[in-house]
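In: Here is a sequence with its predicted model. Questions after.
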Amino acid sequence: MVREIGRGECMQEETQVKIRIPEQVHSILEALHESGYEAYAVGGCVRDALLGREPHDWDITTSALPQQVKKVFARTVDTGLKHGTVTVLCGKTGYEVTTFRVDGVYEDGRHPKEVTFTPSLAEDLKRRDFTINAMAYDGSGGLVDLFGGRKDLEDGIIRAVGDPLQRFSEDALRIMRAIRFSAQLGYEIEPATLRAASELAPTLRKISAERIREELEKTLVSERPDLLRTAWQAGITKEFIPEFDKCMETAQNNPHHCYTVGEHTLKAVSLVRRDKVLRLTMFLHDMGKPSCRTTDEKGIDHFYGHADKGSEMARAILRRLKYDNATLRQVVTLVKYHDSQIRMTEPGVRKMIVKVGEDLFPLLLEVKRADMLAQSTYQREEKQEMLNTLCGIYAGIVERGDCLSLKTLAVNGSDLIGLGVRPGREVGAILAQMLEDVLNVPEHNDKEYLVERFVMTRNNSQ
């Protein structure tokens, strides 16, 4: 049975669907029901449960006002009374319970100036972003789906609730969320919703870098990061990562490649493990190519120096997105060395490990593999064999426990000072010489040998 509401939207009557919910969530819903209030699990948790996924959070919406919620439960925290939210504590776990509400005017393109509590669940659901996030479940089998969210889940559609221009005008971050949900679920963005996102893309400039970062990162570590292509086609990425647009527009007329720089990037991101640092690295690894592109007399493109240029750009982009220093260091380093030529000898590999860092070298191997698999099949077997050889040499180094840093060198600064070496630069220079020797011949990592060669010999010659 269907009844019409404003703007031609369809409100579907409650249907019976059984969703598994945590016992604590069920208890909260039951307590509110028994106290005479409406109460529902709502939003993303209902969506994920219908998809057979484990929800990260369970949000609850109710007709009860915040003070009424606090009277129902013994242990609560005033999370956001102004916006109708009270956190109900069940053991060590907290669940946000929010009163049905209607949002006021969105003056900053992100937050409503004020909210008004309402006794109507329908009014509360109308303000939500997408149909798949606008369903409610009462805990006993009753699914309230006013905007066809369940069908959109089945059809693989991201569709705004009501007028998409209004939804995105209220909160520009929803544009990024549409892209993110599309990538996470592998869904298509409904045409009218995508047109509205494209039209209002410039309003993303109102959104903080931290919020943009969060949505971009979730997109990159999703099942389908390649769907960032949709954001590029719609003119959305140019508002927050214009460097990527240049990559999408840069051809690679080279036998080693079969895609544009941007398409290669999307392929490489999809082929690496779903780890934040690895996905960011693959997204940024070729950002330097557009500005480094040259074409020889045979019409073949080259990108000399793109890794160094890319590492500089990666640093600037990550700072712009307010990334932490640890992530910035790791990604910039991996971008810098992603195309490095490594001597296929044990000393050569040990020296590269020192240069890149023991923590990052295994990640560099993953980066190189994804980069290779996203190229053309030209010389694929040779490249694969070289990478396998590199991985084998590295495995042997790790298995033997070869010295790869000053931390595991048999001699330290205190030892040298005790032997009469002047503290400061002289100590550092001798330790560097010792490490260089040990990287060439691991068996030389012996205190007696190192002291004799680099200290006693030196003292005798002075």
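Out: Nice, thanks for sending it over. Numbers count the residues shown, from 1 in each chain.

In: Quick one: residues contacting Trp232.
Out: 238, 244-245, 248, 262 (Cβ atoms under 8 Å, 6 or more residues apart in numbering). Any C-beta I mention is one placed from the backbone N, CA and C, and that applies to glycine too.

In: Between those residues, identify the one with the most neighbours.
Out: Gly262 (24 neighbours; other Cβ atoms under 10 Å).

In: contacting residues around it?
Out: If you count contacts by Cβ under 8 Å, 6+ apart, then Gly262 has 232, 244-245, 247-250 around it.

In: Next, format those as CSV and append secondary structure and distance to Thr87.
Out: Shown next, in CSV, are the contacts of Gly262 (DSSP: H, G, I helix; E, B strand; the rest coil; distance: Cβ to Cβ, whole Å):
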residue, secondary structure, distance to Thr87
Trp232, helix, 39
Phe244, helix, 39
Asp245, helix, 42
Cys247, helix, 44
Met248, helix, 44
Glu249, coil, 48
Thr250, coil, 49
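
In: Let's check: the centremost residue of the chain is which one?
Out: With distances taken as Cα atoms, centre = their mean, Glu217 lies nearest the centre of the chain, 2.5 Å away.

In: Next one: Lys92, what pLDDT does it get?
Out: If you check Lys92, the pLDDT there is 88.

In: Got the phi and psi for it?
Out: As for Lys92, its main-chain torsions (degrees, to the nearest 10) stand at phi -100, psi 0.

In: and it, how many residues sit next to it?
Out: So Lys92, with other Cβ under 10 Å, has 5 neighbours.

In: still on that earlier bit, most widely separated two among the contacts of Trp232?
Out: Longest distance between any two of the contacts of Trp232 is 12.2 Å, between Lys238 and Gly262; criterion Cβ to Cβ.

In: which residues do those two both contact?
Out: 232, 245.

In: Run through the residues that contact Asp301.
Out: Taking Cβ under 8 Å, 6+ apart as the test, what Asp301 contacts is 251-254, 293-295.

In: same thing but 7 Å
Out: 251-254, 293, 295 (Cβ atoms under 7 Å, 6 or more residues apart in numbering).

In: Repeat that for Tyr40.
Out: Going by Cβ under 7 Å, 6+ apart, Tyr40 touches 60-61, 121, 136-138, 144.

In: So which of these wins on neighbours?
Out: In those, the most neighbours by other Cβ under 10 Å go to Ala136, 27 neighbours.

In: Tell me which residues of the top helix by length along the chain come out buried.
Out: The residue-count maximum for a helix in the chain (DSSP state H) belongs to helix 380-400. For helix 380-400, the buried set under the neighbour-count rule, 16 or more other Cβ atoms under 10 Å, comprises 383, 386-387, 390, 393-394, 397.

In: cool, and stretch 223-232?
Out: Neighbour-count burial for stretch 223-232 flags 224-228, 230-232 (criterion: 16+ other Cβ under 10 Å).

In: Same check on stretch 39-54?
Out: Quick answer for stretch 39-54 (16+ other Cβ under 10 Å): 39-50.

In: Can you tell me which of those residues end up in helices?
Out: 44-50.

In: What ranges in the protein fall below the confidence cut-off?
Out: For the chain, applying pLDDT under 70 flags the ranges 1-14, 104-114, 457-462.

In: go again using 90 as the cut-off
Out: 1-19, 56, 79-83, 91-92, 103-116, 139-142, 456-462 (pLDDT under 90).

In: Domains in it, by residue range?
Out: Split into domains by automatic domain parsing, the chain comes to 2-155, 162-240, 241-400, 406-461.

In: just those domains: most buried one?
Out: Ranked by mean neighbour count, the domains of the chain are led by domain 162-240 with a mean of 20 (mean count of other Cβ atoms under 10 Å).

In: how long is that one from one end to the other?
Out: End-to-end distance for domain 162-240: 26 Å, by Cα to Cα, to the nearest Å.

In: mind checking how far that domain is from the chain centre?
Out: 14 Å (Cα atoms, centre = their mean, to the nearest Å).

In: which stretches of the stretch 301-450 of the chain form strands?
Out: 301-302 (DSSP state E, counting those that start in this stretch).

In: That one: helices as residue ranges?
Out: For the stretch 301-450 of the chain, the helices defined by DSSP state H, counting those that start in this stretch occupy 306-320, 325-337, 346-356, 361-373, 380-400, 413-418, 425-440, 447-451.

In: Can you list the neighbours in contact with the fifth one?
Out: By that I understand helix 380-400. So helix 380-400 is in contact with 342, 344, 346, 349-350, 361, 365, 368-369, 372, 442, going by Cβ under 7 Å, 6+ apart.

In: hmm, which two among these are most spread apart?
Out: Maximum distance among these (Cβ to Cβ): 28.9 Å, for Met372 and Pro442.

In: Quickly note the distance from Cys403 to His444.
Out: Cys403 is 9 Å from His444, where distance means Cβ to Cβ, to the nearest Å.

In: any common contacting residues for those two?
Out: With Cβ under 7 Å, 6+ apart as the test, Cys403 and His444 both reach Val438.

In: sorry, back to before: restricted to helices, list the buried residues of stretch 223-232.
Out: 228, 230-232.

In: what's near enough to touch Glu215?
Out: Counting by Cβ under 7 Å, 6+ apart, Glu215 has contacts 173, 176-177, 180.

In: Just confirm it is within a strand.
Out: No - counting by DSSP: H, G, I helix; E, B strand; the rest coil, Glu215 falls outside a strand, being helix.

In: could we number from 352 for the rest of this?
Out: Sure, I'll start counting at 352 from here, so that last one is Glu566.

In: how far away is it from Lys589?
Out: Applying Cβ to Cβ to Glu566 and Lys589 gives a distance of 16 Å.
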